[in-house]
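Visitor: dropping the sequence and predicted coords here.
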Amino acid sequence: MHRIALIAAVTALSATPAFAQSFEGNWGCRDTTSAKAGILTIYGSVYGFASTTLGDAASGTGTITGYEDGVAFNDGGLMTARNIIAGRVIADPTYVAAIQLETADAIVMLCTPR
């Protein structure tokens, strides 16, 4: 019994770095009013954002730098049109992980896996 508990604990601890790097993929984003804001796609060092608002300058592609707890937006529509500088991976009770998109002053969007 103790051996099973030890194996489970070691497995859980070894999965923690993988959780921290889980920002790649497709994310459905909502703004501060919980309205649908768009879809964020992150793969490697690039991202794409498709806003729900037609003609929104935030839509498009850009580059990111990945970190242990999320990403930094280097350029592209999210940075220039919405001043979003970071996306932090946070724990989410429903989806296990979510990304909160932040400006220098506030959290402006919450993105959950699609």
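Guide: On my side now, so go ahead. All figures in this text were calculated on a predicted structure; none of them were measured in a lab.
Visitor: show me where the chain has helices.
Guide: Ranges of helices within the chain are 2-20, 77-82, based on DSSP state H.
Visitor: can you give me the strands in this protein?
Guide: For the chain, strands defined by DSSP state E occupy the ranges 25-31, 36-43, 46-51, 60-67, 70-73, 86-92, 96-102, 107-113.
Visitor: residues of the shortest one that come out buried?
Guide: With burial defined by 16 or more other CB atoms under 10 Å, the residues of strand 70-73 counted as buried are 70, 71, 73. In this view, the C-beta of every residue, glycine as well, is placed from N, C-alpha and C.
Visitor: picking that back up, lowest average confidence across the helices of the chain, which one?
Guide: Across these, helix 2-20 has the smallest mean pLDDT, namely a mean of 39.
Visitor: so residue 73 makes contact with residue 81?
Guide: No - using CB atoms under 8 Å as the test, residue 73 is too far from residue 81 to be in contact (11.2 Å).
Visitor: residues contacting the residue lying closest to residue 79 once chain neighbours are set aside?
Guide: Leaving aside its sequence neighbours, residue 79 sits nearest to residue 73 (CB to CB, 6 or more residues apart in numbering; 4.5 Å). Going by CB atoms under 8 Å, 6 or more residues apart in numbering, residue 73 touches 47, 62, 64, 79, 84, 85, 86, 87.
Visitor: just the closest of the buried residues of strand 70-73 to residue 91, please.
Guide: For those, the closest approach to residue 91 (CB to CB) belongs to residue 70, at 12.5 Å.
Visitor: quick check: bridge partners of that closest one?
Guide: Beta bridges link residue 70 to residue 67, residue 88, judged by DSSP bridges.
Visitor: noted, bye for now.
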